[in-house]
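Undergrad: how does the following fold in three dimensions:
(chains A and B)
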Number of protein chains: 2
Amino acid sequence: MSAAVQSVDVSEGPLAIIAGGGSLPFAVADAARQRGRCVLLFALRGWADPQRVSAYPHHWAFMGQFGFFRRTAQAEGCRDVVFIGAVGRPTLRQLRPDLGTLRLVPHIFRLYKGGDDHLLSGIGRIFEAHGFRLLGAHEVAPEILMPRGTLGTRAPSERDRADIARGLALLHATGPFDVGQAVVVADNHVLAVEGAEGTDRMLERIAELRRGGRVRTSTGGVLVKAPKGGQDHRVDLPSIGPQTVDGVARAGLAGVAVVAGSAIVAEPELIATAADRANVFVVGVGGDGSA
Amino acid sequence: MSAAVQSVDVSEGPLAIIAGGGSLPFAVADAARQRGRCVLLFALRGWADPQRVSAYPHHWAFMGQFGFFRRTAQAEGCRDVVFIGAVGRPTLRQLRPDLGTLRLVPHIFRLYKGGDDHLLSGIGRIFEAHGFRLLGAHEVAPEILMPRGTLGTRAPSERDRADIARGLALLHATGPFDVGQAVVVADNHVLAVEGAEGTDRMLERIAELRRGGRVRTSTGGVLVKAPKGGQDHRVDLPSIGPQTVDGVARAGLAGVAVVAGSAIVAEPELIATAADRANVFVVGVGGDGSA
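TA: Predicted structure coming up:
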């Protein structure tokens, strides 16, 4: 693999965007282009939206095709790489490892056993060992980070603020365990902690519990999201989108709070519109819940 | 309420067992009787099993009928009280407060806002303020506590032991937040943290995630239960039963671990049989996961 580690000065080459699902990859691509940077999408089959991908220079790839990525990205003069967009933890069947990947299998297998953090930061190290520079989406497109304050018109109440602070404290405590990045707190009571199911399913669970009469609170409650303690911010910042707002509304919550500067919002205008329509708040706060 | 605080020497009177659902109340009643203690069940409508209740001296009560309980228990010469068995967090509709309870409403309302721990330990204090002595079920029937070692023949592997230790460490971290008493860990990866949904529904979630291909681990994983840090052990020790073992099996897990001496097992023989039938382990460990 001697070719893999040769370093060429391609810092001004196109930005390689390995694109999963949702609208985030396109928000990042647009923001990078507005800065005058060329982009090249490596769209992940089964995740990236084919219609939207077609509007950008792109290659399709299966997850796990590291050899293909390495050759193609090098041929196209890419050095900087961004991972962005939703991907599940792939099944072994979904992975289509090529030779470049197979050589890495023992390494990846070890990563696979340590939770998402190890997996993702380990993948980052693999890219770097092959001469690429892994950047966070927020580094190439800082405008996708959640600002302080609210999107939309509704703001959290004092009691919501207390729930937000409690949620952030809990996420701080669970950070070292590589568990979910989100909790739901209502009236100081922790209703749910995100695990492998993800935020959307956790919100569905709250809606179900409410229908079953197992959740009854006067204030509604708050979805709180924060990056994990040991998280590699280049590959896995928490993100919210209009569908998060819809899930929050269906769960009967008062709103959603994320740590300003540490969460990605692809489409702030759409989020604000969705928040106002559903009468929920969307707020960026300090790491301790401060306004 | 002067009658409420009068103290009579009734320490040898019948043990009042406020009985919720499941088989635990009867296991406790039988164990107390075997020690020569008379028992009197206050069976909670909607939760206690009518057929089994009828085999013991009993009164039926709705949750929230504290005045009825106080008068009746005092008339029957009860001083010692045990709460045992499954009860959901009651809806306001399920509560049928009588006058004795209504007087306590402002107090209870405050308790309701602080999560289960506050609610339960607060109820304990109310009973004590009225001259009763609240005992833990394990104090009157220590044989219902989980022992060290396994029930059934299967034992945890070394990797299961690592998952157990990680689960206990996570539960230790979340203890101060009055969140659930259970987590699922597989291959060092936290799959689920129990919230308001309870253990059984959390296990259903794992089964669903597995069917959806979102959980793939080589070892299966372990359900780990531990008492919360600030928990009042007299009212809310974690418990496991045959249905827990069935849920663990349906979730595709390798087994369940609880802290020996800090978890209740109503029917160890039935649990052992269920564990062997499902080929899962059920183990009592030290608070740090030690064998």
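
Undergrad: going forward, measure contacts and count neighbours with C-alpha atoms only.
TA: Noted.

Undergrad: can you tell me if the lengthiest helix in chain A touches chain B.
TA: Identified as the longest helix of chain A according to DSSP state H is helix A:158-174. Yes: shown here: helix A:158-174 in contact with chain B (Cα under 8 Å from any Cα of the partner chain) through A:170, A:173-174.

Undergrad: now stretch A:12-19: mean pLDDT?
TA: Averaging pLDDT along stretch A:12-19 gives 90.

Undergrad: about what we covered before: and the longest helix of chain A, what other elements does it pack with?
TA: strand A:182-186, strand A:222-225, helix B:158-174 (3 or more Cα pairs under 8 Å, 6 or more residues apart in numbering or on different chains; DSSP states H and E).

Undergrad: how about a cut-off of 6 Å?
TA: If contacts are counted by 3 or more Cα pairs under 6 Å, 6 or more residues apart in numbering or on different chains; DSSP states H and E, helix A:158-174 sits against no helix or strand.

Undergrad: can you list contacts of that helix?
TA: A:185, A:188, A:224, A:289, B:173 (Cα atoms under 6 Å, 6 or more residues apart in numbering or on different chains).

Undergrad: how close does residue A:16 get to chain B?
TA: In this view, residue A:16 and chain B are 27 Å apart by Cα to the nearest Cα, to the nearest Å.

Undergrad: in its sheet, what does the helix or strand containing that residue sit against?
TA: In this assignment (DSSP states H and E), residue A:16 forms part of strand A:15-19. Strand pairing for strand A:15-19, using DSSP bridges, gives strand A:39-44 (parallel), strand A:80-84 (parallel).

Undergrad: among those strands, which gets the worst mean confidence?
TA: strand A:80-84 (a mean of 89).

Undergrad: ok, the residue nearest to residue A:38 when sequence neighbours are not counted - contacts?
TA: Distances taken as Cα to Cα, 6 or more residues apart in numbering or on different chains place residue A:14 nearest to residue A:38, at 4.5 Å, with adjacent residues excluded. With contacts defined as Cα under 6 Å, 6+ apart, residue A:14 is in contact with A:38-39, A:78.

Undergrad: just the buried residues from those residues, in ChimeraX please.
TA: To isolate the buried ones among the contacts of residue A:14 in ChimeraX, judged by 16 or more other Cα atoms under 10 Å in any protein chain shown, type:
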select /A:38,39,78
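
Undergrad: hey, which helix or strand in chain A has the poorest pLDDT?
TA: Sorted by mean pLDDT, DSSP states H and E, the helices and strands of chain A end with helix A:2-5, the least confident at a mean of 39.

Undergrad: for the stretch 51-200 of chain A, just list every one of the helices.
TA: In the stretch 51-200 of chain A, the segments counted as helices under DSSP state H, counting those that start in this stretch are A:66-75, A:99-102, A:105-112, A:115-129, A:137-140, A:158-174, A:199-211.

Undergrad: what pLDDT is listed against residue A:6?
TA: 38.

Undergrad: now do residue A:166 against residue A:137, distance only.
TA: 28 Å (Cα to Cα, to the nearest Å).

Undergrad: who has more neighbours out of these two?
TA: residue A:137 (30 against 24; other Cα atoms under 10 Å in any protein chain shown).

Undergrad: just to revisit the earlier point, toward the C-terminus, what is the element adjacent to the strand holding residue A:16?
TA: helix A:24-34.

Undergrad: what's in contact with that following helix?
TA: Outside helix A:24-34, the residues that touch it by Cα under 6 Å, 6+ apart are A:19, A:84-85, A:141, A:266.

Undergrad: could the residues you listed be laid out in TSV, adding neighbour count?
TA: Shown next, in TSV, are those (neighbours: other Cα atoms under 10 Å in any protein chain shown):
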residue	neighbour count
A:19	31
A:84	26
A:85	23
A:141	18
A:266	24
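
Undergrad: show me which of those residues is closest to chain B.
TA: Proximity of the contacts of helix A:24-34 to chain B, judged by Cα to the nearest Cα, is greatest for residue A:85, which lies at 17.1 Å.

Undergrad: and the nearest residue to residue A:83 once chain neighbours are set aside, how many neighbours does it have?
TA: Of all residues not flanking residue A:83 in the chain, residue A:18 sits nearest, at 4.8 Å (Cα to Cα, 6+ apart). Counted with other Cα under 10 Å, the neighbours of residue A:18 add up to 23.

Undergrad: residue A:262 versus residue A:18, what's the distance?
TA: 20 Å.

Undergrad: in the stretch 51-200 of chain A, which ranges drop under the pLDDT threshold?
TA: A:87-123 (pLDDT under 70).

Undergrad: which one among the contacts of residue A:14 gets closest to chain B?
TA: Out of those, the member with the shortest distance to chain B (by Cα to the nearest Cα) is residue A:39, at 31.1 Å.
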